[in-house]
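S.K.: okay, here's the prediction I keep looking at, along with the sequence it came from:
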Amino acid sequence: MEDADRAVKRRRSLAERAPFLAAIPMLAILAVPLIALAGASSPGDIAAGARHPLFAPALWLSTRTTLVSLAAMVVLGTPLAWWMASRPGRGSRVVEILVDLPIVVPPAVMGIALLEAFGRNGLFGPALSALGLQIPFTTTAVVAAQVVVSAPFYIQAAAAAFRRVDEDLLIVARTLGHSPASAFFRVAVPLALPGMVAGAALAWARALGEFGATLLFAGNFTGSTQTMPLAIYTALESDARVAVALALVLVAASALLLVPLRAVPALIARRFGGGRGGGRPPLQGFAGS
Amino acid sequence: MQWSVEVEARAGGFQLDVRIEGDRTPVVVIGPNGSGKTTLLRIIAGAYRPRAGRIRFGDRTLFDSAAGLDLAPEERRVGYVPQGYGLFPHLPVIDNVAFGLAGGPRRVPVAERRGTAAEILAEMECGHLAGRYPATLSGGEKQRVALARALLPAPEMLLLDEPLAAMDVAARRGLRAWLARRLARRGAPAIVVTHDVRDVHALGSPVVVALEGGAVVQSGPAAALAARPETDFVAEFFGAA
């Protein structure tokens, strides 16, 4: 009797654990490469990698360009996100599709598209050379590639956050004597901030990892266009230790970016006594809307 | 002060064509859901632009399509309390109330703003709420804070969209009388949208305007509408008493 009982219990608990067991393979696929990377090299190897001549210029270039890209995305992307959120018409739907495109188009294709626009033989090529300006294969091109590929992540998240701001709050702000700009900065932005921060972190992470568009549009020149992902690619051919050291730095940076992505929106929501938004950042931006 | 609103607006498939007027006593607007009550308040507040018409408060014209005049909401001197009160969730009560002193040409320093806000909060018997965030307030407390905020810049017209709908029955009874006293003491124009005939009775015998499908179907003193309702909705509204 007791044995049969135990067998039933075992069968039942197995059935209840099935969802968890079914989840393990995917979890392993996601986690194993990163664990392997962390275990791949000794501290000595990492130190040697960090002293390699490719390492410092790539780290510095990635830091500089992604910060400039982030600033450009926020300054130029916020007005677009606000416009998309406040004009629910046919025009804004077309704009939304345009903003979504770089998310679904492969980065390498965006690189070719940038060359067609700003390359020597591109659409604006003659005009740019007449002005004595060259964009392709410069640090400016690195920033352009990062902005084009990453900005949609910020814009979609910010637009989704603005859409959740109650229209009545903005009307009230106006009737209380505030201009449209004042209502935007004092009401819409603070309320959309968690979503904007999450979107900015996501876009920054995407810019940090940008490879395809940068390679095609900006090239791979140490010091001027060789960002960390490109340096990893180059280093793999000569010294794998540099590649691993750079990869670990990128993992650490990405992990840091998860903090604003996950924790900041929850913190802000808690400060105002909950009720609003909850702790989850708006990730609708991923799939477009 | 006499005021009049005469507007024609179209939004999507919805057509609004309304003419109402009043003086220093509150006017109550009733009507089924989707009859255009909230749209009307937002038009008066300046959030939506009507296709044609005129809005006048005393000798001030806020909107006149013929003259091409359309004052921005911040220039209209209208106090708007939307459904659900529209408190700013990211600001403590004191800064919600002081918000009306923080923008525009009448802008005053922070300390002074908060001082003035604290005075009106105390007058509304909610000085103790100053540091709290709106999410932690009860329905009745939100209502008082929202009214304090709307009244602080001394608006000429007060627009209240279902001011008592979002609270429980017990709180509603006390607050209804309180709100009626405040409006009477203010003695300035107000439009109150409501679904509850008891709100009408609490306000004495105000002028009632019944909206249906974007048009005024009946208007006049509450007693007259109650005695001779012209539509099923009006009959039902007053019959429920």
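M.R.: Yes, it's here. Residues are numbered from 1 along each chain as shown, chains lettered A, B, ... in the order given.

S.K.: how far does the longest helix seen in chain A sit from its chain's centre?
M.R.: The single longest helix within chain A, with elements called by DSSP state H, is helix A:2-40. Computed by Cα atoms, centre = their mean, to the nearest Å, the chain-centroid distance of helix A:2-40 equals 31 Å.

S.K.: equivalent analysis for stretch A:100-107, please.
M.R.: With Cα atoms, centre = their mean, you get 13 Å for stretch A:100-107.

S.K.: and the contacts of it?
M.R.: Stretch A:100-107 has contacts (Cβ atoms under 8 Å, 6 or more residues apart in numbering or on different chains) with A:110, A:113, A:145, A:148-149, A:151-153, A:156, A:210-213, A:286, A:288-289. (Each C-beta comes from the backbone N, C-alpha and C, glycine too.)

S.K.: now the longest helix of chain A: average pLDDT?
M.R.: In this model, helix A:2-40 has a mean pLDDT of 82.

S.K.: mean confidence (pLDDT) on the helix or strand just after it, please.
M.R.: Tracing the chain past helix A:2-40, the next element assigned as helix or strand by DSSP states H and E is helix A:43-51. Taken as a whole, helix A:43-51 has an average pLDDT of 80.

S.K.: next: stretch A:91-101.
M.R.: The predicted model assigns stretch A:91-101 a mean pLDDT of 87.

S.K.: then stretch A:129-141?
M.R.: 91.

S.K.: list the buried ones in it?
M.R.: Buried positions in stretch A:129-141, judged by neighbour count with 16 or more other Cβ atoms under 10 Å in any protein chain shown: A:135-141.

S.K.: coming back round to it: which of the contacts of stretch A:100-107 sits closest to B:V209?
M.R.: Checking those against B:V209 with Cβ to Cβ, the nearest one is A:S289 at 40.0 Å.

S.K.: poorly predicted segments of the chain, please.
M.R.: The chain I'm using is chain A. Along chain A, segments meeting pLDDT under 70 span A:1-2, A:265, A:269, A:271-289.

S.K.: switch to chain B, please.
M.R.: In the predicted model of chain B, residues B:104-107, B:166, B:240-241 satisfy pLDDT under 70.

S.K.: coming back round to it: show me what the longest helix of chain A is packed up against.
M.R.: Judged by 3 or more Cβ pairs under 8 Å, 6 or more residues apart in numbering or on different chains; DSSP states H and E, the packing partners of helix A:2-40 are helix A:240-271.

S.K.: helices or strands up against the longest helix anywhere in chain B?
M.R.: For chain B, the helix reaching the highest residue count under DSSP H is reported as helix B:169-186. With contacts taken as 3+ Cβ pairs under 8 Å, 6+ apart, helix B:169-186 sits against helix B:139-151, strand B:157-161, helix B:197-202.

S.K.: near chain A, which residues of chain B are found?
M.R.: B:42, B:45-47, B:72-74, B:76, B:78-84, B:86, B:88-90, B:99-104, B:106, B:133-136, B:149-150, B:153, B:155 (Cβ under 8 Å from any Cβ of the partner chain).

S.K.: rerun at 6 Å
M.R.: With Cβ under 6 Å from any Cβ of the partner chain as the criterion, chain B comes near chain A at residues B:45, B:47, B:73-74, B:78, B:80, B:82, B:86, B:89-90, B:99-100, B:103-104, B:133, B:135-136, B:153.

S.K.: how is chain B carved up into domains?
M.R.: B:3-86+B:156-239, B:88-136 (automatic domain parsing).

S.K.: can I get the ones you listed in a markdown table with mean neighbour count?
M.R.: Putting the domains of chain B into a markdown table (neighbours: other Cβ atoms under 10 Å in any protein chain shown) gives the following:
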| stretch | mean neighbour count |
| --- | --- |
| domain B:3-86+B:156-239 | 18 |
| domain B:88-136 | 18 |
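
S.K.: got these as JSON lines, with distance to A:F184 columns?
M.R.: Shown next, in JSON lines, are the domains of chain B (distance: least, Cβ to Cβ, whole Å):
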{"stretch": "domain B:3-86+B:156-239", "distance to A:F184": "13"}
{"stretch": "domain B:88-136", "distance to A:F184": "12"}
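
S.K.: can you say which of the contacts of stretch A:100-107 are buried?
M.R.: Neighbour counting by 16+ other Cβ under 10 Å classes A:110, A:113, A:145, A:148-149, A:151-153, A:156, A:210-213 among the contacts of stretch A:100-107 as buried.

S.K.: just these now: which is nearest chain B?
M.R.: Set against chain B, the nearest of those by Cβ to the nearest Cβ is A:Q156 (22.5 Å).

S.K.: quick check on that closest one: phi, psi?
M.R.: phi -60, psi -40 (degrees, to the nearest 10).

S.K.: could you check how far it is from A:A85?
M.R.: To A:A85, A:Q156 is 11 Å away according to Cβ to Cβ, to the nearest Å.

S.K.: ok, which pair from the contacts of stretch A:100-107 is furthest apart?
M.R.: A:F211 and A:S289 (26.3 Å).

S.K.: still on that earlier bit, ok, which of the buried ones among the contacts of stretch A:100-107 also contact chain B?
M.R.: Counting by Cβ under 6 Å from any Cβ, no member of the buried ones among the contacts of stretch A:100-107 is near chain B.

S.K.: same list (those residues) but as CSV, adding secondary structure.
M.R.: Below are the buried ones among the contacts of stretch A:100-107 laid out as CSV (DSSP: H, G, I helix; E, B strand; the rest coil):
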residue, secondary structure
A:M110, helix
A:A113, helix
A:A145, helix
A:V148, helix
A:V149, helix
A:A151, helix
A:P152, helix
A:F153, helix
A:Q156, helix
A:E210, coil
A:F211, coil
A:G212, helix
A:A213, helix
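
S.K.: and which of these is nearest A:L230?
M.R.: Nearest member of the buried ones among the contacts of stretch A:100-107 to A:L230, counting by Cβ to Cβ, is A:F211, at 6.7 Å.
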